[in-house]
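> Got a sequence here, can you build the structure:
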Amino acid sequence: MQKKNKVVIHNWLFLLLAILLGLISNNGLTATQQQAKQMTLDEAIALALRYNRTVESAYIGRILEKFNLKVAQDYFYPHLSVSASIFQAHTNRKDTLTTNIGSELSLKIPTGGEFKLDWIQSVIEPWNIPVDGATSNLTLSFSQPLLKGGGVDVNMASQVIAMRQEQTNIQNLKVTLIGTVTDVIHTYRNFLLAKRSLEISRLSVERAQNLLQRNKALLEAGRIAQVDIIQTETSLANQELSYHRNENALNRARINLLKLLDIDRHSLIEPVVELEVKEIYLDAEQLQQIAYDNQPAYLKALLAHENANT
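Below you'll find the predicted structure:
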């Protein structure tokens, strides 16, 4: 019975050791052992717009900008304030406690005027004696400046400027998005170019190796001189050096793209591009109008000009 238990324990220990070795071998995979995942340009752009930190910061900034716009728009909304106070006094050998509760409701209007509704409730209580007295005051007032600070244009200026600033903020977000997409496209194209350059270098190395083997065979047959072999070996060495340089360039291009996408720099990706050339007709007047309607720098300049004239 004891021998049987020892066999079972031995089997369990062997199984546990096999599982641990399997986990270590899976976690120990290097970047070169991983399988590269194909990524199209559209997928790269989508990842950048979702995870890029510059874009994420721009969207977080939009939350604060929208809040500032809301604050500016609330200028002509009713505002309510509440106050309370307690005062204790000693007069005529009597201790009194005075409690004041009040509120103020104000409303500004575009002409510069302001409505105010004030309410104050006062209660006076002597110690150990029922309520001695209570007063309540309600006041409605209206003020309208006739010179400085008066007029719709003056009082609506902050609202108009806030709306224009909101449009400027939207254009700034567009600039960030356009810049990010442009950077991704350029980096992706450079990645693709580096991949193709590496492939060309690899083929050049293979051709140089084949040429070296043929020249060695010709040298053994006595058909070429030893100098020709040296030149072929030099050419092969240069091609191998060019291959390693292009390999490093490909790795740098991959890391640059991963930085824009804000994903793990050890990830292996492979660019995939389906080239489709379409014939297009460029209309200068139409392109100019599109630029006037959508170019953020031009639209921001118009908003700045309007603010200057306000």
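
> I'd like to know which elements whichever strand or helix holds Asn169 is packed against.
Element membership for Asn169, per DSSP states H and E: helix 152-220. With contacts defined as 3 or more Cβ pairs under 8 Å, 6 or more residues apart in numbering; DSSP states H and E, helix 152-220 has these neighbours: helix 41-51, helix 53-73, helix 226-261, strand 269-272, helix 296-309. Glycine gets a C-beta too; all of them are placed from N, C-alpha and C.

> Across the sheet, point out what pairs with Leu105.
With DSSP bridges as the criterion, Leu105 is bridged to Leu80, Leu117.

> give the contact list for it.
Going by Cβ atoms under 8 Å, 6 or more residues apart in numbering, Leu105 touches Pro78, His79, Leu80, Lys116, Leu117.

> Report pLDDT for it.
We have a pLDDT of 90 for Leu105.

> how close does it get to Leu69?
24 Å (Cβ to Cβ, to the nearest Å).

> try Phe191
Phe191 is 40 Å from Leu69, by Cβ to Cβ.

> Would you map the strands across the stretch 1-150 of the chain?
Using DSSP state E, counting those that start in this stretch, the strands of the stretch 1-150 of the chain run over 37-40, 79-91, 94-108, 114-126, 133-143.

> which one of those lies closest to Asn307?
Comparing those against Asn307 with Cβ to Cβ, the closest turns out to be strand 94-108 (22.1 Å).

> what comes up buried for that closest one?
Thr96, Gly102 (16 or more other Cβ atoms under 10 Å).

> Tell me what angle it forms with strand 133-143.
Orientation of strand 94-108 against strand 133-143 (axes from the mean of the first three to the mean of the last three Cα atoms, to 10 degrees) gives an angle of 20 degrees.

> returning to that earlier point: would you format the helices and strands packed on helix 152-220 as TSV with mean neighbour count, distance to Leu219 and mean pLDDT included?
Formatted as TSV, those follow (neighbours: other Cβ atoms under 10 Å; distance: least, Cβ to Cβ, whole Å; pLDDT from 0 to 100):
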stretch	mean neighbour count	distance to Leu219	mean pLDDT
helix 41-51	16	49	91
helix 53-73	13	60	91
helix 226-261	16	6	90
strand 269-272	16	41	86
helix 296-309	13	66	88
